[in-house]
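Colleague: Next comes the sequence, and after it the predicted model I'd like to discuss.
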Amino acid sequence: MSKLIPQTYEQLEIGTEGRFTKQLTERDIVLFGETSGDINPVHFDSDYAATTMFETRIAHGIWSAGLISTVIGIVMPGPGSIYISQELNFKRPVRIGDTLTAILTVKEKVEKRHYVILDCKVVNQNGETVTVGEATVMPPKSSTELDTPQIPQVKVMGIDE
């Protein structure tokens, strides 16, 4: 079983980096729409999406921001982190099949509160920036290794059959 290794405020340094990569699938869009309630046709209806500036279906913008949350929660600083705030700008659309990498870098340490300020960037498989921003995070108090939780498998009818 793999381990999650949290990093405390004291362990983090300016320039410390964390990454997470995931390819967007039809299943991701369906699950995100189901769990968030965002069923905007630009995400689900190819005919409608063809009439938009994107010309094809796109992912929910906040899906790419979810990859930033993944880095914070499991990579850097990791489990036990408290997500304080996030500023985001969406630079380009994400389409099914795109592979995104969220890259977070410690920009600043705020000693008084034991917060870190993270530069956040999400790039696609071509190295093009799709999402940028800045997050404020309170790192965990402990760096004790944790087992990676096993989540139940979710089946989506029509996709996972």
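Modeller: Sure thing, it's come through. Bear in mind that the values here come from a model prediction, so they are computed numbers and not experimental data.
Colleague: What strands line up against the longest strand seen in the chain, and which way round?
Modeller: If you go by DSSP state E, the chain has its longest strand at strand 99-110. Here strand 99-110 is paired, per DSSP bridges, with strand 17-23 (antiparallel), strand 115-123 (antiparallel).
Colleague: Please work out which of these is packed deepest.
Modeller: The highest mean neighbour count among the strands paired with strand 99-110, using mean count of other Cβ atoms under 10 Å, belongs to strand 115-123: a mean of 21. The way it works is simple: take the backbone N, C-alpha and C, and place the C-beta from them, glycine included.
Colleague: Let me know the next secondary structure element after it.
Modeller: As assigned by DSSP states H and E, the chain's next helix or strand after strand 115-123 is strand 129-138.
Colleague: Which strands or helices does that following strand pack on?
Modeller: helix 61-70, strand 82-90, strand 99-110, strand 115-123 (3 or more Cβ pairs under 8 Å, 6 or more residues apart in numbering; DSSP states H and E).
Colleague: chain center to it, what's the gap?
Modeller: Distance of strand 129-138 from the chain centroid (Cα atoms, centre = their mean, to the nearest Å) equals 9 Å.
Colleague: Same check on stretch 44-64?
Modeller: Relative to the chain's own centre, stretch 44-64 is displaced by 19 Å; criterion: Cα atoms, centre = their mean.
Colleague: How about residues contacting that stretch?
Modeller: Residues outside stretch 44-64 that contact it (Cβ atoms under 8 Å, 6 or more residues apart in numbering): 24, 28-29, 32-33, 36, 38, 40-43, 90, 93-96, 98, 100, 102, 122, 130-131.
Colleague: before we move on, back to that, would TSV of the strands paired with strand 99-110 with mean pLDDT and distance to Val106 be doable?
Modeller: Listed next are these as TSV, based on pLDDT from 0 to 100; distance: least, Cβ to Cβ, whole Å:
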stretch	mean pLDDT	distance to Val106
strand 17-23	98	8
strand 115-123	98	5
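Colleague: For Lys112, grab the count of nearby residues.
Modeller: Lys112: 5 surrounding residues under other Cβ atoms under 10 Å.
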